[in-house]
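1. Predicted model and sequence below, questions to follow.
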Amino acid sequence: DDSTSRRIRRVQNLEALGADVMVCSANVADEASMRAVVSETIARFGMLHGIIHGAGNVNPDDFHVIEHITTAQCESQFPSKAYGLYILERIVEERELDFCYLLSSISAILGGLGYAAYTSANFFMDIFAHRANQRGRTQWLATNWDTWNFTVEHADSPKLGQYEMVPAQGIDAFARVLERGATQIVHSIGDLDTRIRQWVLLESLQDNQATSETRLATHARPSLDTPYVAPNNDYERRIAAIWQQVLGLEQVGLHDNFFDLGGNSLISLQVIARLKKEFKTQIPAVALFEAPTVSALAQYLAPQDAPQVDRQETQLRQRRQRMRETGGSQDIAIIGMAGRFPGANTVEQFWNNLRDGVESLTHFSDAELIEAGVDPLVVQNPAYVKSRHVLDNVEDFDAAFFGYTPREAELMDPQQRLFHECAWEVLEMAGYDTLRYKGLVGVFAGANISLYLMRLAADPTFSVITNESAIFENAQDGLTTNVSYRLNLRGPSFAVQTFCSTSLVATHLACRSLLNGESDMALAGGVSVRVPVKMGHLYREGGQESPDGHCRTFDANAQGAVWADGVAVVLLKRLDDALADGDTIHAVIKGSAINNDGNMKVGYTAPSVVGQSTAIIAALEQSKIDPATIGYLEAHGSATPLGDPIEVASLTKAFRAFTARTNFCVVGSAKPNVGHLDRASGVAGLIKTTMILKHGVIPPLLHFERPNPEIDFASSPFVIATQRQPWPRGTTP
């Protein structure tokens with residue numbers, strides 16, 4: 001599935017069509033290498049009719065505007081397109097070929113912002129073809145090709161412009177170029193004369209102001225992931241009017257991205273020229289790349305001697321500075337919660353199921369499992385458990401809402417899709433529009449490994465469309481930065497990977513970011529979705545997974561949990577700020593801590609009493625809460641014969657550092673209800689505990705009948721709630 005394998009498949013496709021293909025690797029700017037290639041070709045085929053020169057440098061890192069490009073980046077364009085041509089000419093002079101065909105670019109005609117060196121190299125090719133035809137016997141041809149599009153699914157995307165040609169158009173044009181035999185042909189998908197007048201001669205900029213103001217827009221604003229917001233003041237309206245005229249749009253919103261509206265580097269030059277004329281000031285060519293919305297551009301162009309003071313932005317900056325300097329309260333408010341859980345698409349449904357002791361376990365028929373791709377022999381195995389806790393409708397996603405094309409959504413891991421939805425939902429529920437909010441919103445979260453991408457890569461139907469971009473979009477590292485980009489979140493964006501503890505470690509890091517003054521609000525959470533959704537597991541004695549699909553945390557019959565699907569996200573804010581802003585405060589985080597066991601345990605995946613108890617003590621000390629006053633504790637509760645006793649022993653050891661009281665704190669776990677949500681399990685437990693606090697009700701621990709004999713509940717601080725019970729408020733937190 002790497003790039004070399006994809007090239008091999010393309011060669012095999014050519015051979016399947018009847019071609020005899022020879023592949024050589026050589027530097028076109030090295031004469032000895034090129035002569036060896038020509039000699040090898042003639043030795044194999046007996047003749048050489050023509051050469052197609054398609055070499056060039058399209059590395060994005062070498063495309064910069066003139067004032068920023070380095071000498072090395074500029075010169076990188078010339079080995080293939082200039083020095084390589086001199087070598088090719090010397091080789092061709094010794095033989096008479098039917099043609100020598102040069103793939104040039106339309107940028108040599110139209111230019112382009114950031115294309116200075118690339119344009120020069122292609123322009124050189126065009127002149128070289130004219131000169132070579134005057135001197136040699138071989139016919140030299142050069143075509144200034146328009147933009148190529150090898151991924152037809154993007155053909156209608158306004159982001160990629162309207163001048164892309166698909167392979168079928170290129171093949172047809174290539175045949176006509178060879179037939180005509182002209183030294184140089186410019187290939188334009190659009191009306192070339194109009195493009196030259198618009199982008200090279202800039203005739204539209206020479207129109208008088210009255211004509212410009214009366215020019216009518218030609219089409220409606222495209223559908224974007226950002227809602228339309230009208231410009232607020234005269235400054236913004238004047239900028240928007242220029243965009244409307246140049247882009248031919250009826251409306252341009254305050255937060256619309258110039259390039260999402262169909263703008264490109266060439267059109268941006270027109271906009272810059274008009275802005276200079278309108279505001280009578282010097283504006284750098286890269287202004288639209290730094291400030292691609294009307295709102296951002298208005299701030300960018302605002303006169304420096306009379307800066308506009310944004311009260312909200314100033315207040316937020318002062319809060320962050322005060323936190324960094326004085327520390328202040330360590331309390332963190334939970335001001336929003338969202339999630340998708342087995343049997344529940346909302347936090348409220350999740351709570352109702354927990355309160356009522358509902359087990360959200362789905363059982364699959366043999367036919368369903370086989371249709372999902374499970375090996376029929378595995379399905380018939382008596383040890384195969386045909387049950388799992390799953391989410392509803394994981395295939396659904398409103399791609400357009402988040403600005404994704406249908407093909408992008410098709411290639412996107414359901415984990416990424418669901419986390420987008422829950423991140424937006426938690427902000428919406430908390431009442432924050434991130435297009436208007438001036439503060440820094442951090443994102444701290446983690447996802448499971450992408451089984452979805454693995455299946456795509458293994459499917460030959462998709463192998464031709466899964467590319468580096470698809471892999472990049474699905475990477476675990478990109479979970480948080482994807483959301484930050486789509487929702488305009490400008491705080492720290494931190495992908496966390498610590499297996500089952502991922503979402504709680506993310507919560508701890510989010511709290512640290514708030515207390516360090518790095519963020520004004522922070523999203524924390526995790527997501528885990530396994531595909532195919534309809535699949536069970538093969539039970540292995542002594543493993544982590546249950547033999548019947550049921551999770552019996554702390555029970556004598558506990559034999560493991562089941563890996564389940566879920567998403568859980570909370571929105572956090574410093575408590576003082578949440579109170580000042582009138583936010584809904586669901587609960588308060590008083591303290592948190594993280595550590596690692598080191599190697600003082602029986603194995604890498606085994607738990608440790610010392611490590612766990614040390615982390616719990618650190619969190620209790622930071623919270624400044626007397627453990628003797630704690631009435632409920634949400635445990636990990638993995639329901640393994642070894643894990644449960646070690647967890648209770650760790651908790652007991654930590655509490656014993658502060659109190660000798662026994663049997664006063666209820667301990668529970670969400671896993672018997674919804675399974676092991678993996679990367680999302682920690683924050684799912686945090687949300688459950690928050691709902692317990694809000695409603696004053698402790699739900700029952702499902703499937704608990706008698707305690708694991710290795711757990712000494714009698715002398716511990718803990719008890720099990722086998723029935724739903726009230727938890728009245730007292731005088732302590």
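-> The structure has been received and is ready for your questions.

2. Which parts of the stretch 301-450 of the chain are strands?
-> Per DSSP state E, counting those that start in this stretch, the stretch 301-450 of the chain carries strands over the ranges 332-340, 362-363, 384-385, 387-388, 441-447.

3. Of those strands, which is nearest Val166?
-> Smallest distance to Val166 across these (Cβ to Cβ): 34.3 Å, for strand 441-447. Yep, even glycine has a C-beta here, placed from its N, CA and C like the rest.

4. for Ala132, what are its contacts?
-> For Ala132, the contact set (Cβ atoms under 8 Å, 6 or more residues apart in numbering) comprises 89, 100, 138, 140.

5. one more time with 6 Å
-> Counting by Cβ atoms under 6 Å, 6 or more residues apart in numbering, Ala132 makes contact with 89, 140.

6. so where does it fall, helix or strand?
-> Element membership of Ala132 [criterion: DSSP states H and E] is helix 116-135.

7. in stretch 378-392, what's buried?
-> Neighbour-count burial for stretch 378-392, with 16 or more other Cβ atoms under 10 Å as criterion, is recorded at 379, 384-391.

8. what comes into contact with stretch 364-384?
-> For stretch 364-384, using Cβ under 6 Å, 6+ apart, the contacting residues are 386, 532, 534-536, 538-539.

9. Give me the subset of the residues you listed that lies in strands.
-> Leu538 (DSSP state E).

10. could you dump the contacts of stretch 364-384 to CSV with distance to Ser360 and pLDDT?
-> CSV is the format used below for the contacts of stretch 364-384 (distance: Cβ to Cβ, whole Å; pLDDT from 0 to 100):
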residue, distance to Ser360, pLDDT
Lys386, 16, 97
Pro532, 18, 94
Lys534, 15, 96
Met535, 17, 96
Gly536, 16, 97
Leu538, 22, 96
Tyr539, 20, 96
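
11. List only buried entries from the contacts of stretch 364-384.
-> Burial by neighbour count, judged by 16+ other Cβ under 10 Å, picks out 386, 534-536, 539 from those.

12. Closest to Cys74 out of the residues you listed?
-> Using Cβ to Cβ, the buried ones among the contacts of stretch 364-384 come closest to Cys74 at Met535, 54.4 Å.

13. burial of Asn663, as a residue count?
-> By other Cβ atoms under 10 Å, the residues close to Asn663 number 12.

14. wait, isn't it in contact with Ser716?
-> No - Asn663 lies out of contact with Ser716 (Cβ atoms under 6 Å); the separation is 7.5 Å.

15. anything in contact with each of these two?
-> Common neighbours of Asn663 and Ser716, using Cβ under 6 Å, 6+ apart, do not exist here.

16. can you pull the contacts of Val531?
-> By Cβ under 6 Å, 6+ apart, the contact list for Val531 reads 451-452.

17. Then the one 3 residues further on?
-> Neighbour list for Lys534: 364, 368, 372 [criterion: Cβ under 6 Å, 6+ apart].

18. And the residue nearest the centre of the chain, which helix or strand is it part of?
-> Nearest residue to the geometric centre of the chain (Cα atoms, centre = their mean): Asn482, 2.8 Å. Using DSSP H and E, Asn482 maps to helix 479-487.

19. Check Glu278 too.
-> Secondary structure assignment for Glu278, by DSSP H and E: helix 265-279.

20. Which residue, neighbours along the chain excluded, lies closest to Ala400?
-> Ser223 (6.4 Å; Cβ to Cβ, 6 or more residues apart in numbering).

21. That neighbour in helix, strand or coil?
-> Of the three states, Ser223 takes coil according to DSSP: H, G, I helix; E, B strand; the rest coil.

22. what about it, how many neighbours?
-> Counted with other Cβ under 10 Å, Ser223 comes out at 9.

23. mind checking how far it is from Asn264?
-> As judged by Cβ to Cβ, to the nearest Å, Ser223 and Asn264 stand 19 Å apart.

24. Tell me where the stretch 151-300 of the chain has helices.
-> Assigned by DSSP state H, counting those that start in this stretch, the stretch 151-300 of the chain shows helices spanning 167-180, 192-195, 209-214, 234-247, 265-279, 287-290, 294-301.

25. next one: the stretch 501-650 of the chain
-> 502-515, 575-581, 609-623, 643-656.

26. okay if I get those helices as a markdown table plus mean neighbour count?
-> Below are these laid out as a markdown table (neighbours: other Cβ atoms under 10 Å):
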| stretch | mean neighbour count |
| --- | --- |
| helix 502-515 | 25 |
| helix 575-581 | 17 |
| helix 609-623 | 18 |
| helix 643-656 | 21 |
